[in-house]
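Student: sequence-free structure coming up:
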């Protein structure tokens, strides 16, 4: 697990750095509306992608007795489904453009059809890469593609390609990933598909598919609502604030999640041990996410203006509100791997359906009553807290059969750390107010690190001095 986490960390942190740099440059070359229009098409295409994968990827990882012929049958099925969905998306592009009153969406949807098709047929070889723990190859593939496509996108934006420069990375990446993965795990297309294996694997993946469907809806309906009932320009601000908030979250959970199910599935016969290990993971995530959320909340204006420029100031308030959802979202994002490892995809689907209903209700109320991106952001943050308790009460009581209090106790110390950091930021508000954006951001970052590290040292969670002494001793310094 350590080796898998190491390569996963290299991948995620490298991608984080490259994505941040590319995003900073593109934000200064393109208008907020460009990001908003692409966000609409991206939400729709990713929604269709759920139907092309149908939750089969995790099922391939979970099943231990799949033959090469079974794999080829599943791959052939995914090719047919992906082709059908691609044709539907292509034909629907005019309706989508008309609904949102954006003519550009026609061409954008046509280009993204490539991404939809190759992303769908890549599902099987990608799952095989994860199942066989080829984390090193996955990391190399992802980082190289991120750098190349990011550079091409910046070049295109600089030379006046506008909104279409945002389509380069997802399109090229989907094609390249398909051929790269097939190099390690070649798959063959069969005209005559054995439907028995599809039915067999769908008994596991059906609830996984249902969860992915409703979970994606809850996470992205806000963007479709903003694009339709507020404006594409407002969606550009909201989408940028949401993505910036998600960047640090993805660097931690993005390292853990890819290896969580493959590793935890080996403990599916020992729920007590799985609960204990999962509590440690939650404690680790909470220790980072709670103070991080406070830092992002109090540094919203500086982060937006330094990274994207002063023209993106309308995104500040929504970013600050969304930042408060970070702890619950980061911990929640790991729950899927536990449900899957316990073969409890039915409960995964049920809790996901309840959570989605609550989230969608929040979005509708926010859009109907207030019609601002700040209200939608508040709805997202409030419902994420509600969903957090619904998910983990169900998981610990029904599946893990472990006390929910054992998990909640992991949150006490991180919450105290967050409260302490909040008080310090508020007390020094005037000091930051009189500073330039970059100076203020640096001061808040240093202060946040010092306060958090001192707190962790006092509570015995982590001692930075001991850590570096041990590291120096290990390296013979």
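Tutor: Yep, that arrived. It should be emphasised that the depicted structure is a prediction, and the values quoted were computed from it without experimental measurement.
Student: What are the structural domain limits within this protein?
Tutor: 1-193, 206-477 (automatic domain parsing).
Student: Tell me which of these approaches residue 200 most closely.
Tutor: domain 1-193 (8.5 Å; C-beta to C-beta). Backbone N, C-alpha and C define where each C-beta goes, glycine included.
Student: For residue 387, see how far away residue 114 is.
Tutor: 34 Å (C-beta to C-beta, to the nearest Å).
Student: Neighbour count: those two, which is higher?
Tutor: When residue 114 and residue 387 are compared for neighbours, residue 387 comes out ahead with 24 against 16, by other C-beta atoms under 10 Å.
Student: so what's the backbone phi/psi at that one?
Tutor: phi -60, psi -30 (degrees, to the nearest 10).
Student: For the closest residue to residue 117 other than its chain neighbours, which residues are in contact?
Tutor: Spatial nearest neighbour of residue 117, excluding adjacent residues (C-beta to C-beta, 6 or more residues apart in numbering): residue 86 at 4.4 Å. Counting by C-beta atoms under 8 Å, 6 or more residues apart in numbering, residue 86 makes contact with 113, 116, 117, 120.
Student: ok, then the element right after the helix or strand harbouring residue 98?
Tutor: Secondary structure from DSSP states H and E places residue 98 in helix 68-100. Using DSSP H and E, the next helix or strand after helix 68-100 towards the C-terminus is helix 104-121.
Student: Could you find the closest non-adjacent residue to residue 25?
Tutor: Going by C-beta to C-beta, 6+ apart, residue 25 has residue 154 as its nearest residue, at 5.1 Å.
Student: Surely the one you found touches residue 24?
Tutor: No - if you go by C-beta atoms under 8 Å, residue 154 and residue 24 don't touch, sitting 10.0 Å apart.
Student: And those two? Which one has more around it.
Tutor: Between residue 154 and residue 24, counting by other C-beta under 10 Å, residue 154 is the more crowded of the two (18 against 14).
Student: For the more buried one, list the residues it contacts.
Tutor: Residue 154 touches 22, 25, 26, 29, 165, counting by C-beta under 8 Å, 6+ apart.
Student: again, only this time at 7 Å
Tutor: 22, 25, 26 (C-beta atoms under 7 Å, 6 or more residues apart in numbering).
Student: Dump the residues you listed to JSON lines, plus secondary structure and distance to residue 142.
Tutor: Listed next are the contacts of residue 154 as JSON lines, based on DSSP: H, G, I helix; E, B strand; the rest coil; distance: C-beta to C-beta, whole Å:
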{"residue": "22", "secondary structure": "helix", "distance to residue 142": "14"}
{"residue": "25", "secondary structure": "helix", "distance to residue 142": "20"}
{"residue": "26", "secondary structure": "helix", "distance to residue 142": "19"}
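Student: And those, which is closest to residue 273?
Tutor: Closest to residue 273 out of the contacts of residue 154 is residue 22 (41.6 Å), distances taken as C-beta to C-beta.
Student: since we're on the closest one, how many residues are nearby?
Tutor: The burial count for residue 22: 19, using other C-beta under 10 Å.
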